[in-house]
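Undergrad: fold the following and give me the result.
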Amino acid sequence: FVNGRGPFTFLIDTASSRSLIFEHVRQKLGLTRSQPAQLMVYGINDVAEALPVKPDRITVAGEEVKGLTIGVLPGSSSADPDGILGVDFLSHYFVVLDRATMQLKLLPPGEDSARAYRDWSETSLTPRLLKKFPIRFWYLSARFNDRAINTLFDLGAGTTMMNWYAAERLGVRKRNFTRLGPKKEELQDVL
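TA: Numbering: from 1, shown residues only. The predicted model follows:
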């Protein structure tokens, strides 16, 4: 919910530095520009400028963040989500993603909130700067066979990906796939 209105459908994207809404939502809510300069939005693949707006409150799963400046993206189709929930919102909480029940729980940060989930498998997420942009994203350490690889935690990605440097450390050689790989037009938002 945005300013108590909704519900709106948001995509959760941990590789988006800012939460965003589409133009049709901005119009519906009557939100106006909140600052003179455009808002810089950093993603895994690019940097974009967006119209800044500042709703009074955004409410997700009963949790509320007040005064968050978000960006506005150009129009979308009715099949698309109404917005994107980025790390600026999620970083306020201890986030539990339960894929079995398809639930997202936003709990106050700290040990008390985590206590109920101690028997779950877990991994620490570490905020680190993305090499290309001055923004922090969430990373985790993963193991592929016997190799440790630092990975970006991106809930907006449609598939697990790795760069060629990491693949070659695992023994997968780029030269073996130059003719067999996907066509360039089939790849979207891949570094």
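Undergrad: list the contacts of the lengthiest strand in the chain.
TA: As assigned by DSSP state E, the longest strand anywhere in the chain is strand 136-144. Here strand 136-144 makes contact (Cβ atoms under 8 Å, 6 or more residues apart in numbering) with 14-15, 17, 44, 87, 123-130, 148-153, 170. Backbone N, C-alpha and C define where each C-beta goes, glycine included.
Undergrad: likewise for stretch 99-106?
TA: So stretch 99-106 is contacted by 12, 60-63, 90, 92-98 (Cβ under 8 Å, 6+ apart).
Undergrad: so which bits of that stretch are buried?
TA: Leu104, Lys105, Leu106 (16 or more other Cβ atoms under 10 Å).
Undergrad: so the last one bridges to which residues?
TA: Beta-bridge partners for Leu106, by DSSP bridges, are Val95.
Undergrad: quick check: pLDDT value at it.
TA: Per-residue confidence (pLDDT) for Leu106: 84.
Undergrad: cool, and Gly62?
TA: pLDDT, Gly62: 82.
Undergrad: check contacts around it.
TA: By Cβ under 8 Å, 6+ apart, the neighbours of Gly62 are Leu106.
Undergrad: same deal with Tyr93?
TA: Glu63, Leu106, Leu107, Pro108, Pro109.
Undergrad: you'd agree Val104 is in a helix?
TA: For the record, residue 104 is Leu, not Val. No - read with DSSP: H, G, I helix; E, B strand; the rest coil, Leu104 is strand and lies in no helix.
Undergrad: element containing Ala48, please.
TA: strand 47-53 (DSSP states H and E).
Undergrad: against which helices or strands is that strand packed?
TA: If you count contacts as 3 or more Cβ pairs under 8 Å, 6 or more residues apart in numbering; DSSP states H and E, strand 47-53 packs onto strand 39-42, strand 70-73.
Undergrad: need the phi and psi values for Leu90.
TA: phi -60, psi -30 (degrees, to the nearest 10).
Undergrad: wait, doesn't it sit right on Ile12?
TA: Yes - taking Cβ atoms under 8 Å as the definition, Leu90 is a contact partner of Ile12 at 7.5 Å.
Undergrad: roughly how far does Val172 sit from Tyr165?
TA: Taking Cβ to Cβ, to the nearest Å as the measure, Val172 falls 11 Å from Tyr165.
Undergrad: how about JSON lines for the contacts of Tyr93, with distance to Glu49 added?
TA: Output for the contacts of Tyr93, formatted as JSON lines (distance: Cβ to Cβ, whole Å):
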{"residue": "Glu63", "distance to Glu49": "29"}
{"residue": "Leu106", "distance to Glu49": "28"}
{"residue": "Leu107", "distance to Glu49": "33"}
{"residue": "Pro108", "distance to Glu49": "33"}
{"residue": "Pro109", "distance to Glu49": "31"}
